[in-house]
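Colleague: what's the 3D shape of this:
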Amino acid sequence: MIEPLGWGILGTGRIAHTFASDLQFCDDGVLAAVGSRSMASADAFGDEFDVPRRHASYEDLVRDDLVDVIYVATPHPMHFSNAVLALEHGKPVLVEKAFTMTAQEARELVAVARETRLFLMEAMWTRFLPHVVKLRELIHEGVLGEIVTVEADHGKWFEHDPTSRLFAPDLGGSALLDLGVYPVSFASMLLGRPERMTAMVDPSFSGVDGQASMLLGYANAAHAVLTCTSSARTATRACVAGTEARIEIDGDFYAPTSFTLITREGEEQRFDFATQGRGLHYQAHEVAKCLREGKLESTSMPLDESVSIMETMESVLGFLEP
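Modeller: Just a heads-up that it's a prediction; the model follows:
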């Protein structure tokens, strides 16, 4: 029997609730503690998920000897300092995406993890979902041939609320960092670092980016066409087209879903997958597996790639219209 990891959740927002709920589907991880900036918030979260240990500060959480690994679930501007805090107290870290606010922060965070020789991973949970794992297997087997184009979009409608995290500059409000990170990461997973880029980025009512359309070019002449918006509920689908076949992923492509493989001749094969919960427990399994094997990073979500993704998004934001 393998002793399950004791997870400490740093932050009590929406994504923290989803992660805590999905941990019930994990046989190699348990929710051991939660940390917030107030005891009331920690207790409310603890009562909801039956968390045995509650802390009124992040510092107390990372000092908890019964916590094996920290999940950073705070807003984007806090990711860097919160992850560094955990690493400096000897805790491996899973940090929400977007990884950091800037590419420089990403580079510095990775440097801290490597200096402390502790595990660190960006919580891009999509990478570990069954349909994405199968997609990567088919591509590795050569079923699609040479990849030519990747298309992906992520759009949601949000009320124009100036207090909302998505629109607040001081909370890292950004359609790209919150929504566009999924298409950008998806393209990165399949094609790597882009060599060419052009984009159109328009602001939301609050001034932060509200919509982005990106065209990325790669060394092998492949293209990625990616979009995101905080003003409309889009199809949120993805397509990977190669010289031999294409894969059309149902919406929401970034969450548990299915896909269809369509050959160049038009023959179709359907792939459906049984999953539980929202799917965040798959990344928890990956963390547990890596720690058992003594790895300092995941081969499916490597640190240098998280830095590259931040560099790409930072370049895209350079196209933001004033």
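Colleague: need the contact list for residue 219.
Modeller: By Cβ atoms under 8 Å, 6 or more residues apart in numbering, the contact set of residue 219 is 192, 195. Just so you know, the C-beta spots here come from the backbone N, C-alpha and C atoms, and that holds for glycine as well.
Colleague: same question, the one 4 residues further on
Modeller: Neighbouring residues of residue 223 by Cβ under 8 Å, 6+ apart: 148, 149, 150, 215, 216, 217.
Colleague: can we see that at 6 Å?
Modeller: Contacts for residue 223 (Cβ atoms under 6 Å, 6 or more residues apart in numbering) come out as 149, 217.
Colleague: so how far is residue 193 from it?
Modeller: According to Cβ to Cβ, to the nearest Å, residue 223 and residue 193 sit 14 Å apart.
Colleague: and the closest residue in space to residue 35 that isn't next to it in sequence, its phi and psi?
Modeller: Once flanking residues are discounted, residue 35 sits nearest to residue 61: 2.8 Å by Cβ to Cβ, 6 or more residues apart in numbering. When read as degrees, to the nearest 10, the backbone of residue 61 gives phi -60, psi -50.
Colleague: count the residues that sit near residue 61.
Modeller: Neighbourhood size, residue 61 [other Cβ atoms under 10 Å]: 28.
Colleague: mind checking how far it is from residue 256?
Modeller: Distance, residue 61 to residue 256, by Cβ to Cβ: 29 Å.
Colleague: with residue 57 instead?
Modeller: Distance from residue 57 to residue 256, by Cβ to Cβ: 35 Å.
Colleague: which one of the two is surrounded by more residues?
Modeller: Using other Cβ under 10 Å as the criterion, residue 57 and residue 256 rank with residue 256 on top: 19 against 14.
Colleague: let me know the pLDDT of the residue of the chain positioned farthest from its centre.
Modeller: Of all residues in the chain, residue 265 has its C-alpha farthest from the mean position, at 34.9 Å, by Cα atoms, centre = their mean. The model reports residue 265 with a pLDDT of 96.
Colleague: wait, what's in contact with the residue sitting nearest the centre point of the chain?
Modeller: For the chain, residue 124 is the residue whose C-alpha lies nearest the centre (Cα atoms, centre = their mean; 2.4 Å). Neighbour list for residue 124: 97, 185, 301 [criterion: Cβ under 6 Å, 6+ apart].
Colleague: go ahead and confirm the last one touches residue 120.
Modeller: Right, the one you point to is residue 301. No: checked against Cβ atoms under 6 Å, the pair residue 301 and residue 120 is beyond contact range at 10.1 Å.
Colleague: what residues are up against the residue nearest to residue 143 when sequence neighbours are not counted?
Modeller: Of all residues not flanking residue 143 in the chain, residue 245 sits nearest, at 5.9 Å (Cβ to Cβ, 6+ apart). Contact partners of residue 245, counting by Cβ under 6 Å, 6+ apart, are 143, 144, 261, 263.
Colleague: buried subset of these?
Modeller: 143, 144, 261 (16 or more other Cβ atoms under 10 Å).
Colleague: part of a strand, is the first one?
Modeller: In other words, residue 143. No: under DSSP: H, G, I helix; E, B strand; the rest coil, residue 143 falls outside any strand and is assigned coil.
Colleague: quick one: pLDDT of it?
Modeller: According to the prediction, residue 143 has pLDDT 98.
Colleague: same check on residue 3?
Modeller: Model confidence at residue 3, given as pLDDT, is 84.
Colleague: that one: how many residues sit nearby?
Modeller: By the measure other Cβ under 10 Å, the count of residues near residue 3 is 8.
Colleague: got it, and residue 16?
Modeller: Around residue 16 there are 21 residues (other Cβ under 10 Å).
Colleague: and it, what are its phi and psi?
Modeller: Dihedral angles (degrees, to the nearest 10) for residue 16: phi -60, psi -40.
Colleague: hang on, it packs against residue 9?
Modeller: Yes: using Cβ under 6 Å, residue 16 is in contact with residue 9, at 5.2 Å.
Colleague: what do these two both touch?
Modeller: Counting by Cβ under 6 Å, 6+ apart, the shared contacts of residue 16 and residue 9 are residue 73.
Colleague: thinking again about what came up before, quick one: contacts for the residue nearest to residue 35?
Modeller: 8, 10, 33, 35, 55.
Colleague: quick one: it from residue 173, how far?
Modeller: With Cβ to Cβ as the criterion, residue 61 and residue 173 are 26 Å apart.
Colleague: repeat for residue 196
Modeller: 28 Å.
Colleague: next: residue 163.
Modeller: Between residue 163 and residue 173 the distance is 10 Å, computed by Cβ to Cβ.
Colleague: the two - which one has more neighbours?
Modeller: The neighbour count for residue 163 versus residue 173, taken as other Cβ under 10 Å, is higher for residue 173 (24 against 7).
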